[in-house]
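J.: Kindly generate the corresponding structure for this input.
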Amino acid sequence: MYPEFNTATKQAGFSLPIAVFILVIMSLLAAAIVQLSSRNNLSSAQEVFSTRAFYAAESGASWAMSQLFFNATGSATKAFSDIQCGSPVNGKTLNFTAAGLGGCSATLSCSVDTVGSTGYYRIVSTGVCGTGQVQARRVVEVGGRNGL
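T.: Here you go, the predicted model:
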């Protein structure tokens, strides 16, 4: 009386929606993993450039201090340090080319306050590494005095 229904006929086409659903879920998961990996790589690069910028700023500050306090004969006089703080150091940009800091730079500024016969020097070194989205800038400030 009733036509027989085969159970295979009832389930025909049921696996196609499940397959599409699984493919969509897997695609979304893959896209999320790719985005997470990309962010991780950018974060790692930013950290490397940040460290390099710090060392560029520190190197610039060390260079400036050596220019202020040491001359060809050894320790420098206050008059020598005052002159050096002006022209050679203040406004100087050091561009690094060595492998470790290649592509980085340090911009220096120098100011002096004189109290009696003692000069108090303030050097600000700004290190910059990288370009565009992956760029880091670090500032190092050092001070010294010369009463010779």
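
J.: Show the average pLDDT along the top helix by length along the chain.
T.: For the chain, the helix that runs over the most residues, judged by DSSP state H, is helix 15-69. Averaged over helix 15-69, pLDDT sits at 88.

J.: tell me what whichever helix or strand comes after it is packed against?
T.: Using DSSP states H and E, the next helix or strand after helix 15-69 towards the C-terminus is strand 70-71. On a contact count with 3 or more C-beta pairs under 8 Å, 6 or more residues apart in numbering; DSSP states H and E, strand 70-71 meets no helix or strand. Heads up, the C-betas are built off the backbone N, CA and C, glycines and all.

J.: who touches the helix or strand that strand 70-71 is followed by?
T.: Downstream of strand 70-71, the first helix or strand assigned by DSSP H and E is strand 74-75. For strand 74-75, contacts defined as C-beta atoms under 8 Å, 6 or more residues apart in numbering pick out F69, L148.

J.: Now for the residue lying closest to F69 once chain neighbours are set aside: which residues touch it?
T.: Distance criterion C-beta to C-beta, 6 or more residues apart in numbering; nearest residue to F69, sequence neighbours excluded, is A76 at 5.4 Å. By C-beta under 8 Å, 6+ apart, the contact list for A76 reads L68, F69, F70, Q84, N146, L148.

J.: Closest one to V140 out of the residues you listed, please.
T.: L68 (15.0 Å; C-beta to C-beta).

J.: contacting residues around that closest one?
T.: Here L68 is in contact with A76, S81, Q84, C85, V89, C110, Y121, I123, G144, N146 (C-beta under 8 Å, 6+ apart).

J.: hmm, 6 Å instead?
T.: Residues near L68 by C-beta atoms under 6 Å, 6 or more residues apart in numbering: S81, Q84, Y121.

J.: Would you mind giving the residues you listed as TSV with distance to A57 and secondary structure added?
T.: TSV is the format used below for the contacts of L68 (distance: C-beta to C-beta, whole Å; DSSP: H, G, I helix; E, B strand; the rest coil):
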residue	distance to A57	secondary structure
S81	21	helix
Q84	19	helix
Y121	17	strand
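
J.: Show me how to select, in PyMOL, the buried members of those.
T.: Applying 16 or more other C-beta atoms under 10 Å to these, the buried members can be selected in PyMOL as follows:
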select buried, resi 81+84+121
